[in-house]
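Peer 1: okay, here's the prediction I keep looking at, along with the sequence it came from:
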Amino acid sequence: MPNKKQGSIILLLLFALAMGIFYLSGCSVNQNAGSRPSITVWHWMTDRQPAFEELARRYESKTGIKVNFELYAPSDAYSQKVRAAAQGGNLPDIFGILGEKRDFASFIKAGHILDLTPYMKENQNEWENKFFPKALAVNIFNENNAYGVKPGIYAASVDIMTIQMLYNKDLFKKLGLDPENPPQTFTEFLDIGKKMKAANLEGMVSGWGEVWMIDCFAKNYAFNIMGEDKVLATIRGDVSYTDPDWLRVLTLFKEMRDSGVLANGLVTMVNKTAERLFANGSAVFAFNGSWCINVYKGMNPGLNYGVMPPPKVSDKYPIAIWGGAGSSFMVNARSKNKEEAVKFLKWLTDLNQQIYLTETTQNLPANKECLSKIKGALAQFASGMEFATHPNLWSVSEFPVVIEAFARGIQGIIIGEQTPEQVAEYVQKVKERELGRKGNR
């Protein structure tokens, strides 16, 4: 039997052994935890946060990797945060860029965005082939692009959008119109304006207090009246905005004003106001994007409406609508977790996750395999992808000040302060000024 001194030594040895086991087990736990990095995603999509959080939970359950979706809204605040993070070198693992293609290009050239081409092309282009081509196109820089970016695919589309017109079927009935037969031509559209005036009903609502939405509507008709080649030639500076075809585009807004098809206060209206007016049944028409389905559902689940393309003016060229990727995510090229981030984006854009996002947020999926699952108004918006175009898909970009002058001029036409001819002449002067500046650099 050990004496008292020997017993103390044995106790000390047992204590040391226990502490060693505890330390080693603790190290093992910490090493295992460290071997499974967490991924941080920044986004601006307030309506999708609950769905993103649920998908993050599912991914962690499947892989053990935690994904943190961090929401920053509104979009202006989000954009400022991303720019500041880029300057400070602390972008998250995954993020999105809200801006024009030139902004996207600047982030790539600064080394902030990972080229996803090798991952997209793996296994005979398996990942790339899941997307609607026009959805992925906005994230692609082709050979000899105007931005000097190495050709490649630099983002994964999460959803798509198209911007079309909507009409209230119940108000159509009130006007004696067939709710299943919206106007196909611009003349038919204007004739409804006369009926709305007589019935004291509000016309088309949209966020035309915002420059880009007016530009979108006008460019749809520019494509319809003169075709894509002439529109792009104008942007390059080879065709004047005083050309008769552009005067025709501008005159459409005078005709809509005179017919009564436009809502009062349209030129100062933000899109949230327009969405509320259409959702509560105050307006016959709306011009809005596919994201509105979820908005209207939240505001008025019983709203009875249909989706229609803008009524055509000409049969010479097809009517165009803006469409493509609604939201896209990029991987931080400097992230230590970039390989795991790519794996997560592959999972997020796979069939089951895309179906879940579509069902819970009512946004169009970027994965074309989901097409058969889309019903109702969503399917009507999806059908517009056939005629979709977007400035980020064009080979040239208009000067922002020219777009501003063009849209503000249209606002002036609608309120009767300017004529189409005056607007065309002023826009062309702005264009020539900008071309001169470019040539002098």
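Peer 2: Received it, and whenever you're ready, just let me know what you need. Residues are numbered from 1 along each chain as shown.
Peer 1: which one's the longest strand in this protein?
Peer 2: The residue-count maximum for a strand in the chain (DSSP state E) belongs to strand 156-168.
Peer 1: what does whichever helix or strand comes after that one rub up against?
Peer 2: Per DSSP states H and E, the first helix or strand lying C-terminal to strand 156-168 is helix 169-174. Around helix 169-174, the neighbours that count as contacts under CB atoms under 8 Å, 6 or more residues apart in numbering are 178-180, 182, 199, 201, 281, 284, 304-306. All C-beta atoms are positioned from the backbone trio N, CA, C, and that covers glycine.
Peer 1: which among those end up buried?
Peer 2: For those, a neighbour count by 16 or more other CB atoms under 10 Å gives the buried set as 179, 182, 201, 281, 284, 305-306.
Peer 1: sitting in strands, which of those do you find?
Peer 2: Per DSSP E, the buried ones among the contacts of helix 169-174 map to strands at 305-306.
Peer 1: I'd like to know how far the residue nearest the centre of the chain sits from Thr46.
Peer 2: The centroid of the chain falls nearest to Gly326 when counting by CA atoms, centre = their mean (2.6 Å). Separation of Gly326 from Thr46 (CB to CB, to the nearest Å) stands at 14 Å.
Peer 1: identify, from the buried ones among the contacts of helix 169-174, the entry nearest to Val231.
Peer 2: If you rank those by distance to Val231 using CB to CB, Pro182 comes first, at 25.5 Å.
Peer 1: excluding chain neighbours, what is closest to that closest one?
Peer 2: Met308 (4.2 Å; CB to CB, 6 or more residues apart in numbering).
Peer 1: quick one: contacts for the one you found?
Peer 2: 164-167, 182-183, 380.
Peer 1: try it again at 10 Å.
Peer 2: 164-167, 181-184, 189, 285, 380, 384 (CB atoms under 10 Å, 6 or more residues apart in numbering).
Peer 1: quick one: buried ones out of those?
Peer 2: For the contacts of Met308, buried by 16+ other CB under 10 Å: 164-167, 182-183, 189, 285, 380, 384.
Peer 1: about what we covered before: if the residue nearest to Pro182 is in a bridge, with which residues?
Peer 2: Met165 (DSSP bridges).
Peer 1: let's have the buried ones among the contacts of helix 169-174 in a markdown table, adding pLDDT and distance to Glu100.
Peer 2: Shown next, in a markdown table, are those (pLDDT from 0 to 100; distance: CB to CB, whole Å):
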| residue | pLDDT | distance to Glu100 |
| --- | --- | --- |
| Pro179 | 96 | 38 |
| Pro182 | 97 | 32 |
| Leu201 | 94 | 37 |
| Gly281 | 95 | 36 |
| Val284 | 98 | 33 |
| Tyr305 | 97 | 31 |
| Gly306 | 96 | 32 |
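Peer 1: quick one: the nearest residue to Asp178 once chain neighbours are set aside from Gly281, how far?
Peer 2: In this structure, Asp178 finds its nearest non-sequential neighbour in Phe172, 7.1 Å apart by CB to CB, 6+ apart. As for Phe172, its distance to Gly281 is 12 Å (criterion: CB to CB).
Peer 1: cool, Lys429 as well?
Peer 2: Lys429 sits 43 Å away from Gly281, going by CB to CB.
Peer 1: returning to what we had before: the residue nearest to Asp178: neighbour count?
Peer 2: Residues within reach of Phe172, counting by other CB atoms under 10 Å, total 22.
Peer 1: from memory Val427 sits against Glu421, does it?
Peer 2: No. In this structure, Val427 is not within contact of Glu421 by CB atoms under 10 Å, at 11.0 Å.
Peer 1: more crowded one of these two?
Peer 2: Val427 (25 against 12).
Peer 1: setting aside sequence neighbours, what's the nearest residue to that one?
Peer 2: Tyr241 (4.5 Å).
Peer 1: and the helices in the stretch 101-250 of the chain?
Peer 2: 101-109, 117-125, 133-137, 169-174, 186-199, 211-226, 228-236, 244-259 (DSSP state H, counting those that start in this stretch).
Peer 1: what lies in contact with the second one?
Peer 2: Under the contact criterion CB under 10 Å, 6+ apart, helix 117-125 has outside partners 126-131, 136, 139-141, 150-154, 156, 331, 339, 342-343, 345-346.
Peer 1: what's the weakest-modelled helix or strand in the chain?
Peer 2: helix 4-34 (a mean of 46; mean pLDDT, DSSP states H and E).
Peer 1: just after that one, pick out the following helix or strand.
Peer 2: Next along from helix 4-34, by DSSP H and E: strand 39-43.
Peer 1: what is that following strand packed up against?
Peer 2: Using 3 or more CB pairs under 10 Å, 6 or more residues apart in numbering; DSSP states H and E, the elements in contact with strand 39-43 are helix 49-63, strand 67-71, helix 75-88, strand 94-95, strand 321-331, helix 338-348.
Peer 1: now the fifth one against helix 338-348, angle please.
Peer 2: Pointing back at strand 321-331 there. Counting by axes from the mean of the first three to the mean of the last three CA atoms, to 10 degrees, strand 321-331 points 140 degrees away from the direction of helix 338-348.
Peer 1: who does strand 321-331 pair up with?
Peer 2: Strands that pair with strand 321-331, judged by DSSP bridges, come out as strand 94-95 (antiparallel), strand 156-168 (antiparallel), strand 388-389 (parallel).
Peer 1: can you flag the weakest of those by average pLDDT?
Peer 2: Per-stretch averages of pLDDT across the strands paired with strand 321-331 put strand 388-389 at the bottom, with a mean of 88.
Peer 1: is it true that Ile65 touches Arg58?
Peer 2: No. Ile65 is beyond contact range of Arg58, at 11.4 Å (criterion: CB under 10 Å).
Peer 1: now that Thr162 has come up, it's in contact with Phe387, right?
Peer 2: Yes. Thr162 is within contact range of Phe387, at 8.6 Å (criterion: CB under 10 Å).
Peer 1: report the set of residues contacting both of those two.
Peer 2: With CB under 10 Å, 6+ apart, Thr162 and Phe387 have common neighbours 309, 321-323.
Peer 1: neighbour-wise, give me the winner out of these.
Peer 2: Result: Gly323 is most packed of the shared contacts of Thr162 and Phe387 (other CB under 10 Å), 28 neighbours.
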